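>>> Sequence first, predicted model second:
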There are 4 protein chains.
Amino acid sequence: MKKLRVGIEGGAGFAGGELIRLLLGHPRVEIVAATSATFPGQPVFMAHPNLRGRTELAFSRKLDYAALDCAFLAGGHGDAMNNVPAILAQTGPKLRLIDFSGDFRLRDPELYPRWYTRTHKAPQLLRRFAYGLVEMNRAEIRKARWVANPGCFATAAALALGPLAKAGATGTVAVTAVTGSSGSGASPSLITHHPTRHSNLRAYKPFTHQHVPEVEQILHKLAGGPGLRLSLIPVSGPFARGIYAVCQLDLPKGWTEKRVQEAYRGAYAGSSFVRLVPEPPTLNAVVGSNHCDVFVAVSDGRIGVISAIDNLVKGAAGQAVQNLNVMMGWDEGLGLAFAGHYP
Amino acid sequence: MKKLRVGIEGGAGFAGGELIRLLLGHPRVEIVAATSATFPGQPVFMAHPNLRGRTELAFSRKLDYAALDCAFLAGGHGDAMNNVPAILAQTGPKLRLIDFSGDFRLRDPELYPRWYTRTHKAPQLLRRFAYGLVEMNRAEIRKARWVANPGCFATAAALALGPLAKAGATGTVAVTAVTGSSGSGASPSLITHHPTRHSNLRAYKPFTHQHVPEVEQILHKLAGGPGLRLSLIPVSGPFARGIYAVCQLDLPKGWTEKRVQEAYRGAYAGSSFVRLVPEPPTLNAVVGSNHCDVFVAVSDGRIGVISAIDNLVKGAAGQAVQNLNVMMGWDEGLGLAFAGHYP
Amino acid sequence: MKKLRVGIEGGAGFAGGELIRLLLGHPRVEIVAATSATFPGQPVFMAHPNLRGRTELAFSRKLDYAALDCAFLAGGHGDAMNNVPAILAQTGPKLRLIDFSGDFRLRDPELYPRWYTRTHKAPQLLRRFAYGLVEMNRAEIRKARWVANPGCFATAAALALGPLAKAGATGTVAVTAVTGSSGSGASPSLITHHPTRHSNLRAYKPFTHQHVPEVEQILHKLAGGPGLRLSLIPVSGPFARGIYAVCQLDLPKGWTEKRVQEAYRGAYAGSSFVRLVPEPPTLNAVVGSNHCDVFVAVSDGRIGVISAIDNLVKGAAGQAVQNLNVMMGWDEGLGLAFAGHYP
Amino acid sequence: MKKLRVGIEGGAGFAGGELIRLLLGHPRVEIVAATSATFPGQPVFMAHPNLRGRTELAFSRKLDYAALDCAFLAGGHGDAMNNVPAILAQTGPKLRLIDFSGDFRLRDPELYPRWYTRTHKAPQLLRRFAYGLVEMNRAEIRKARWVANPGCFATAAALALGPLAKAGATGTVAVTAVTGSSGSGASPSLITHHPTRHSNLRAYKPFTHQHVPEVEQILHKLAGGPGLRLSLIPVSGPFARGIYAVCQLDLPKGWTEKRVQEAYRGAYAGSSFVRLVPEPPTLNAVVGSNHCDVFVAVSDGRIGVISAIDNLVKGAAGQAVQNLNVMMGWDEGLGLAFAGHYP
């Protein structure tokens, strides 16, 4: 069987490295090339020492898009909107694209400048990307050639709240979501400096994180109109991998706990990566895997929903592979049917 | 100057050890005895290796309450209500008591059995303990002889929300509060087993944590009636010390950001342990100290308040010393005027 | 193709859980049963939440050895020597056994009571188990039916030092080896209590750890006589997984750096799980995989060798699978040809 | 009583911040100024958020050395040798100096270029600095005006081995020493990037770390000639604070365990910061304090010595204060007589 030829833009970052690791185990994909501006010509294991001995691949400077069936864009935010028009001019629309950045997630062209505080360079393409949250947008992704892979916080929050939106819940949801340091990427910075990140917690961008509008967009799509509003406070946590999202809202008038629980069971009936768990999730049960564990509690007029994902797998590379599988009409779990290690 | 003679019930636990450490540096206090059922007769450093060489104290089996001016009760929850009546029968009301447990925090006798799921053994004493959250209850503590030291989550939440309650805010506050593992005490258990606590997050007791009613009690007292309702989801975090509480609520109708910020400045004008910070607090800036850092954001109709404390200092032993200072009419910061180390 | 029917004694421990995870991905093995005294009748995910949705297996109380082709013994130390004689009486010698404990690692019957401070219950079987350090004992394992899986420290130290022993080096090797907390198992204890294990280091059993004699035994076998002596100080580290062994010895008289490096290249030429690395290894490059990274430095008359493994994979479950593969004549890397995640 | 006027060069680094914290609690010292190139004119709490509310001090661009009684030099390595000649030209020799860098630790002018791989700019001053390891060099420090504060690894290793050197032991000592990330300073870099430092161990500079010669220098001084040789492999550990040094050597011919233990008791009889402990030290018992815990084991012809310090206190700022106390003829423990928190 001929394998799909894929290339990776930005292969030396954490999401890029995880993508290489996952694709090396994917039975229908061949990695043709992965780029790195830092390590051009050097073996992949220079950036990802776990891959030493597992691949002969070396980083390229550039992708030859014409030679690819599919490109994963895992470079910096802003690179995609700058480069995609030229890429498509070269290859035509037959090239499949899965973009990891926030560039093509928001359909409304007014939202990007407001939340990302810069101008969008290719607004004409915004509505041509499918939003790649498979469990909530599978039908659209199946027909798509270009997918905007969701943000890590957005994945955790939208999987926690999607079933409520679908079921017609309304109101403001208070979300506190704690992220591991790998979400900040492979380049050192003050917020990922070990001495001060270790054993610490620090919130940032209260109410203004750029993942908010993509969550509201998919929730509104599921609801068929505005319904839930996201009020997000992200927190930097002292671990390397994972996102843990704690969501709270008022139980809508007239709703029962049964109705809430059934909304979740119904929404995730055919989605094996989402596991509904009877106790609050434990983050380390999902790390290293494409799973999202979701817990729902109803008590005294309040709903609590807690979701846990690995930010680099379900929140990035794993979800990208899942999107590829859906786009290609393959088994959704191809190359992803494994658990992470525990503990 | 004659020093105050104090005893510590439960000196081998983490809060007891921190209390010994703090009192060794307190200029007006002499530790007469500290008890331990596990280490009777053995030097304090058997339980607290940091104190080797810093004190000659050995653990006792029992306190001789008659010989004490003040007793700190840092034993297990339930011990206090079982023992205090007999202690007072022996010493009369002149003995000062500072109780670390939840036994005497709730004034309404119906609340204890509901939240602690057991019967209270000394309900007649409930209204005779002052609630020891100094910044919110200083006047009452000044006149008290017996103080119920607040819970660690309660301290973080009540300091975050007290100024809003005072200012008359109403509504439900969604709180996600992450705690370090030392909050679970010195005895090993599954929830503090290193392999699975490490790099992990896990929520527990969603909406039902026993610290909720003491927070609502003090908030209602400050408001002069019901106003704010607490909706709390606690989370176990992968660090040893600290509580980080993220609170969200709707901005009350007609309120401005200025009014909110002024409520905080006013409430904490005379309270040097609470530091209002212009960015979300960093937990490691308070660990090791009696400080509580509080940040307030108002955005688009929402209020976010984030507070950070050391659960064993401001959330336990440090607050107990602060209560002692206030009760005795001493400088409130005596023995507590230090910063923790950073990083 | 008919799959090999395997059973796991002690499936709820950390090594047992890792073994289940690995075997679920092994193409030629079927897990018939896994026992647990704590979770009998309950799904495997009660002990290993990462496996929820990945297997329908529930724990049994007992294994029916007669129905198995191979049993992995991952129960407590001492269980194996107590039970193996009865098991073999039932099944005859055709049952393959891979024992995780220290019970059958030492061939000299005098060593066990000296290092384990108890009497061996089945000394007559000691010489019938092959020592399962594949890279150093492959030929013997190929012919074996019963394998004693090496200890985690022993694996790290023997892979670090085996090439030197083979090459005829002599002298005392000072080894400091730091281990993650998962090495102490799934039951809570003071040494794995998160508040005090976190951010901490603590040595234990200096010079007297029970893994010393099995390392010396294999080194002496490789050398054809005494040559290297192991002087080991183990250290408990503040992470969940991994062993990092730092070894030092004098460069034997007349040896050159070239001779040392060639000894390693030669010894590991056909062993893909051992990766010789040109810089000191980074522990997180091997965690989650069956790799052992080994670095060798020679400077000013001293040799330094540093090795890194995942204690639950190469130091336990992965090595057990590797032993199975070798015993069965399968590709040594079957079911093990993956990298762990990084970071 | 008039306080000593001190200034701090490099006050925004971790050692500088710890020094400020310690000096704020020192009864005989007044901090006149602390410099920072990054935060000139800004309050100290911009770099050290723990100090918010504890001092009004703001960073200066430069120190006015003529106005100081004592200067602590905690800037980058190399700054001291570049600047001290000019400083002394301005102030004359009356200014007391305590230098945190490696610039003035080595008396032999040939050693610096060999281990630091650069030329020394002020070799004429090398022999005029006392080596500030108080417990091993108290008499010389008492008479000194200028002190070279020891390196963090050097402190841990020299306190572990000094008593053996004094007692005449000979041979090569294998040392593996694990350090917390704060030892790499306040500026982010790849080796302190949280995602990859977390849960990781990585050795570096095997046998070639620049702290080796200062340890051998003080050991040779104590021995009255060459005796012990240091063979050091440093390891980066996944915690913020502390150094844990594990040392091994052969028991010298004819020596008994008693002789070894007595050497340690004798050497540390008058040194309250060094605590001889009967079990291997636990790193978190010294973190936050000026203590060094030392354990000695003798077994089967081998000596094991393990020492634990806080790299920023006993390994930097605390030791600097201790040196000041000794130079000034004050109580050696002034401002340092506290325990760190535990856990």
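Thanks, I have the structure now.
>>> if you average pLDDT over the lengthiest helix in chain A, what comes out?
Taking DSSP state H as the criterion, chain A has its longest helix at helix A:152-166. Averaging pLDDT along helix A:152-166 yields 98.
>>> swap in stretch A:240-256?
Here stretch A:240-256 scores 98 as its mean pLDDT.
>>> Next: stretch A:194-205.
Stretch A:194-205 shows a mean pLDDT of 98.
>>> list the buried ones in that stretch?
Within stretch A:194-205, the residues that qualify as buried are A:His194, A:Pro195, A:Thr196, A:Arg197, A:His198, A:Ser199, A:Asn200, A:Leu201, A:Arg202, A:Ala203, counting by 16 or more other C-beta atoms under 10 Å in any protein chain shown. Glycine gets a C-beta too; all of them are placed from N, C-alpha and C.
>>> The residue at the greatest distance from the centre of chain A: what secondary structure?
Distance to the chain centre peaks in chain A at A:Gly254, reaching 33.7 Å (criterion: C-alpha atoms, centre = their mean). Three-state call for A:Gly254 (DSSP: H, G, I helix; E, B strand; the rest coil): coil.
>>> and it, what are its phi and psi?
Recorded main-chain torsions at A:Gly254 are phi 90, psi -10, according to degrees, to the nearest 10.
>>> interface residues of the stretch 1-150 of chain A facing chain D?
A:Phe14 (C-beta under 8 Å from any C-beta of the partner chain).
>>> would you list every one of the strands in the stretch 1-150 of chain A?
All strands of the stretch 1-150 of chain A, identified by DSSP state E, counting those that start in this stretch, fall at A:4-9, A:29-34, A:70-73, A:96-99, A:130-131, A:146-148.
>>> Summarise which helices and strands the longest helix of chain A is packed against.
Helices and strands touching helix A:152-166, as assessed by 3 or more C-beta pairs under 8 Å, 6 or more residues apart in numbering or on different chains; DSSP states H and E, comprise helix A:134-143, strand A:171-179, helix A:212-223, strand A:228-236, strand A:243-250, helix A:257-267, strand A:292-299, strand A:302-309.
>>> Could you dump those into JSON lines with mean neighbour count and distance to chain B added?
Formatted as JSON lines, the helices and strands packed on helix A:152-166 follow (neighbours: other C-beta atoms under 10 Å in any protein chain shown; distance: least, C-beta to the nearest C-beta, whole Å):
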{"stretch": "helix A:134-143", "mean neighbour count": "18", "distance to chain B": "22"}
{"stretch": "strand A:171-179", "mean neighbour count": "25", "distance to chain B": "4"}
{"stretch": "helix A:212-223", "mean neighbour count": "22", "distance to chain B": "10"}
{"stretch": "strand A:228-236", "mean neighbour count": "23", "distance to chain B": "5"}
{"stretch": "strand A:243-250", "mean neighbour count": "27", "distance to chain B": "4"}
{"stretch": "helix A:257-267", "mean neighbour count": "16", "distance to chain B": "12"}
{"stretch": "strand A:292-299", "mean neighbour count": "22", "distance to chain B": "4"}
{"stretch": "strand A:302-309", "mean neighbour count": "27", "distance to chain B": "5"}
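>>> and chain C, which of the ones you listed is closest to it?
When these are compared by C-beta to the nearest C-beta, strand A:292-299 sits nearest chain C, at 7.8 Å.
>>> If you count contacts, what does that closest one end up packed against?
Contacts defined by 3+ C-beta pairs under 8 Å, 6+ apart place strand A:292-299 against helix A:152-166, helix A:257-267, strand A:274-276, strand A:302-309.
>>> any chance of these in a markdown table, with distance to C:Gly318 too?
What follows is these, written out as a markdown table (distance: least, C-beta to C-beta, whole Å):
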| stretch | distance to C:Gly318 |
| --- | --- |
| helix A:152-166 | 29 |
| helix A:257-267 | 36 |
| strand A:274-276 | 25 |
| strand A:302-309 | 26 |
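>>> Of these, which is nearest C:Pro343?
C:Pro343 lies closest to helix A:152-166 among those, at 14.8 Å (C-beta to C-beta).
>>> What residues of the closest one count as buried?
By 16+ other C-beta under 10 Å, the buried positions in helix A:152-166 come out as A:152-166.
>>> and it with helix A:212-223, angle?
Helix A:152-166 and helix A:212-223 are oriented at 30 degrees to each other (axes from the mean of the first three to the mean of the last three C-alpha atoms, to 10 degrees).
>>> and the angle for helix A:152-166 with strand A:243-250?
Helix A:152-166 runs at 30 degrees relative to strand A:243-250, counting by the same axes, to 10 degrees.
>>> any idea of the angle helix A:152-166 forms with strand A:171-179?
Angle, helix A:152-166 to strand A:171-179, by the same axes, to 10 degrees: 150 degrees.
>>> Might one say that A:Gln261 is in contact with A:Val294?
No - judged on C-beta atoms under 8 Å, A:Gln261 makes no contact with A:Val294 at a distance of 11.1 Å.
>>> May I have the longest helix of chain A exported as CSV, CA atoms only?
Output of helix A:152-166 as CSV, limited to C-alpha atoms (Å, rounded to 0.1, in the frame of the first residue of the first chain):
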residue,chain,number,x,y,z
CYS,A,152,-4.6,23.3,23.6
PHE,A,153,-6.7,25.3,26.1
ALA,A,154,-9.5,25.4,23.5
THR,A,155,-9.4,21.6,23.1
ALA,A,156,-9.7,21.1,26.8
ALA,A,157,-12.5,23.7,27.3
ALA,A,158,-14.5,22.8,24.2
LEU,A,159,-14.5,19.1,25.0
ALA,A,160,-15.6,20.0,28.5
LEU,A,161,-18.4,22.3,27.3
GLY,A,162,-19.5,21.1,23.9
PRO,A,163,-22.1,18.6,25.1
LEU,A,164,-23.7,21.4,27.2
ALA,A,165,-23.8,23.7,24.3
LYS,A,166,-25.3,21.1,22.1
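>>> Can you give the distance from it to the centre of its chain?
The chain centroid and the centroid of helix A:152-166 are separated by 11 Å, computed with C-alpha atoms, centre = their mean, to the nearest Å.
>>> That helix to strand A:292-299, inter-axis angle?
Compare the direction of helix A:152-166 with that of strand A:292-299 by the same axes, to 10 degrees and you get 50 degrees.
>>> can you map out the helices along the stretch 1-150 of chain A?
Along the stretch 1-150 of chain A, the segments classed as helices by DSSP state H, counting those that start in this stretch run A:14-24, A:79-91, A:111-116, A:134-143.
>>> Does the third one reach chain B?
In other words, helix A:111-116. No - using C-beta under 8 Å from any C-beta, helix A:111-116 never reaches chain B; the gap is at least 11.8 Å.
>>> Check which helices and strands that helix sits against.
For helix A:111-116, the helices and strands in contact under the criterion 3+ C-beta pairs under 8 Å, 6+ apart are helix A:212-223.
>>> and chain B, which of the buried residues of stretch A:194-205 contact it?
A:Pro195, A:Thr196, A:His198, A:Ser199, A:Asn200, A:Leu201, A:Arg202, A:Ala203.
>>> what about the closest residue to the fifth one other than its chain neighbours, neighbour count?
Just to be clear, that refers to A:Asn200. Once flanking residues are discounted, A:Asn200 sits nearest to B:Asn284: 4.4 Å by C-beta to C-beta, 6 or more residues apart in numbering or on different chains. By the criterion of other C-beta atoms under 10 Å in any protein chain shown, B:Asn284 has 28 neighbours.
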